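**Q** Quick one, what's the 3D model for this:
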Amino acid sequence: MSPSKKQTSERLLLAADIGATNTRLALFAVGSDLRTPKRVTNFKGNDYSGLVEILHEFLGDKEDAVVGACFGAAGPVVDRHIQLTNLAWTIDADELKATFGWEGVWLLNDLQAIANSVPLLSGDELHTLRAGIPEPKGKIAVIGPGTGLGIGFLTWAGGRYHAYSTEGGHSDFAPSDALQDEMLSYLRRKFPQVAVEHVCSGIGLPNVYDFLKSSGKAAEPKWLADELSAAPDKTPVIVQNGIERKPGSELCQMTVKIFIDVLAAEAGNLALLFGATGGVFIGGGLPLYMLGEFDRYNFVTTFNVKTGYEYYLERFPIHIIRYSEPGLLGAAAYGMQHLQ
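**A** Prediction:
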């Protein structure tokens, strides 16, 4: 620890939620309420060469008061390193500790950070699709479609829940109807392995749209083609038009429906895989933006369609995380637990 850190009376925890698009940083006074950070700032990752550059800019005159940091990032944690999946950054915990003189640095997969927030959420921080009959201390599954697709889970031990990450978003996509069979055949010509993330995520939605367009499922009007060609990211255009349902947006509407169907089927798979009797929690920016589509496209019904196990899955609670910063909350909770 640097001498200036020894002299200051202020002790701060740095928490981060690092995705392919956005890097969210927050400062918390050690021992304070995790819902009242001292400062929160968003950075566009592609505007910076790496995390250290952002940290120096963000911390400024608070750099010497930070005593520990916890980073949730979109990639697997291997030997205290994270190579981000969809951004050309590497995060090295030991390098950061040496550079800034922190007492501790902890790395979490981004879905582990989100999962770590789940036991802290309640009330209007959740949008409940089905209350179900949760089993006390039962396992919990978490799925989060954002830029990519993250999957995690929680188990109960030692008087509390413990969060774990997976790379399940990169497992094979399994179609559940004839249209999705056709889409899988189309995507196999584009990818050597078709992962769930190639369909059910921000980077996946344009793949679904392109399939529907190329196979002639609906016409693409000129106004929509112009919007898509002018957009740096097609996904917001597709989602917005799919939700608004204006004439000529049929391709967008069909894309959103497939997204909901695939998300529901995959969430049902996770419920069976993990035995998630404590509930299934859905995070990520996309579900939050399209809340109304979950009822319109019968998410819960599709979730339940596992032949012979409908009676079992009907008991499982299903919630969408509405809290605006679950990744930051989960990372802060993890870091605070290890500092105190």
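**Q** next one: phi and psi at G144?
**A** Dihedral pair for G144: phi -140, psi 100, per degrees, to the nearest 10.
**Q** Show me where the protein has its helices.
**A** Remark: helices assigned in the chain by DSSP state H are 3-7, 51-59, 93-100, 110-117, 178-188, 205-214, 222-230, 234-244, 250-274, 285-289, 291-296, 299-304, 310-313, 326-339.
**Q** and among those, the most buried is which?
**A** Ranked by average neighbour count under the criterion mean count of other C-beta atoms under 10 Å, these are headed by helix 110-117 at a mean of 30. Using the backbone N, CA and C atoms, a C-beta is placed for each residue, glycine as well.
**Q** quick check: angle from that one to helix 326-339?
**A** Relative orientation of helix 110-117 versus helix 326-339 (axes from the mean of the first three to the mean of the last three C-alpha atoms, to 10 degrees): 70 degrees.
**Q** just the CA coordinates of helix 110-117, formatted as PDB?
**A** Taking C-alpha atoms only, helix 110-117 is exported to PDB below (Å, rounded to 0.1, in the frame of the first residue of the first chain):
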ATOM      1  CA  ASP A 110     -19.900 -10.600 -15.400                       C
ATOM      2  CA  LEU A 111     -22.700 -13.100 -14.800                       C
ATOM      3  CA  GLN A 112     -21.200 -14.200 -11.600                       C
ATOM      4  CA  ALA A 113     -21.300 -10.500 -10.500                       C
ATOM      5  CA  ILE A 114     -25.000 -10.300 -11.600                       C
ATOM      6  CA  ALA A 115     -25.800 -13.600  -9.900                       C
ATOM      7  CA  ASN A 116     -24.100 -12.300  -6.700                       C
ATOM      8  CA  SER A 117     -26.700  -9.400  -6.600                       C
END
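**Q** Now do that helix: which elements does it pack against?
**A** Packing partners of helix 110-117 (3 or more C-beta pairs under 8 Å, 6 or more residues apart in numbering; DSSP states H and E): strand 12-18, strand 66-73, strand 140-145, strand 149-157, strand 160-165, helix 326-339.
**Q** mind listing what the fourth one pairs with, with the direction of each?
**A** When pairs are called by DSSP bridges, strand 149-157 turns out to pair with strand 140-145 (antiparallel), strand 160-165 (antiparallel).
**Q** Could you say which one of the ones you listed comes nearest to L291?
**A** strand 140-145 (13.4 Å; C-beta to C-beta).
**Q** Now do that closest one, average pLDDT.
**A** What strand 140-145 shows for mean pLDDT is 97.
**Q** just to revisit the earlier point, could I get the helices of the chain as a markdown table with distance to V142?
**A** What follows is those, written out as a markdown table (distance: least, C-beta to C-beta, whole Å):
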| stretch | distance to V142 |
| --- | --- |
| helix 3-7 | 35 |
| helix 51-59 | 24 |
| helix 93-100 | 23 |
| helix 110-117 | 4 |
| helix 178-188 | 24 |
| helix 205-214 | 21 |
| helix 222-230 | 32 |
| helix 234-244 | 22 |
| helix 250-274 | 8 |
| helix 285-289 | 12 |
| helix 291-296 | 16 |
| helix 299-304 | 15 |
| helix 310-313 | 17 |
| helix 326-339 | 9 |
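**Q** what about the residue nearest to D233 when sequence neighbours are not counted, distance to L286?
**A** Nearest non-adjacent residue to D233, counting by C-beta to C-beta, 6 or more residues apart in numbering: G202, 7.8 Å away. Separation of G202 from L286 (C-beta to C-beta, to the nearest Å): 6 Å.
**Q** anything in contact with each of these two?
**A** Common neighbours of G202 and L286, using C-beta atoms under 8 Å, 6 or more residues apart in numbering, are 145-146.
**Q** quick one, what contacts Y297?
**A** 256-257, 260-261.
**Q** Out of those, flag the one nearest to S171.
**A** Nearest to S171 among the contacts of Y297, with distances taken as C-beta to C-beta, is D261, at 17.3 Å.
**Q** Verify the stated contact: the closest one with T302.
**A** Yes. In this structure, D261 is within contact of T302 by C-beta atoms under 8 Å, at 5.6 Å.
**Q** Can you pull the residues that touch both of these two?
**A** By C-beta under 8 Å, 6+ apart, the residues touching both D261 and T302 are S176.
**Q** Would you agree F100 is in contact with L55?
**A** Yes. The criterion here is C-beta under 8 Å, and F100 meets it with L55 at 7.3 Å.
**Q** Quick check: neighbours shared by the two?
**A** By C-beta under 8 Å, 6+ apart, no residue touches both F100 and L55.
**Q** Reformat the helices of the chain as a markdown table; add mean pLDDT and distance to G152.
**A** Formatted as a markdown table, the helices of the chain follow (pLDDT from 0 to 100; distance: least, C-beta to C-beta, whole Å):
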| stretch | mean pLDDT | distance to G152 |
| --- | --- | --- |
| helix 3-7 | 47 | 33 |
| helix 51-59 | 93 | 22 |
| helix 93-100 | 94 | 19 |
| helix 110-117 | 95 | 4 |
| helix 178-188 | 98 | 25 |
| helix 205-214 | 98 | 22 |
| helix 222-230 | 98 | 32 |
| helix 234-244 | 97 | 23 |
| helix 250-274 | 98 | 10 |
| helix 285-289 | 92 | 15 |
| helix 291-296 | 96 | 20 |
| helix 299-304 | 97 | 18 |
| helix 310-313 | 95 | 19 |
| helix 326-339 | 93 | 10 |
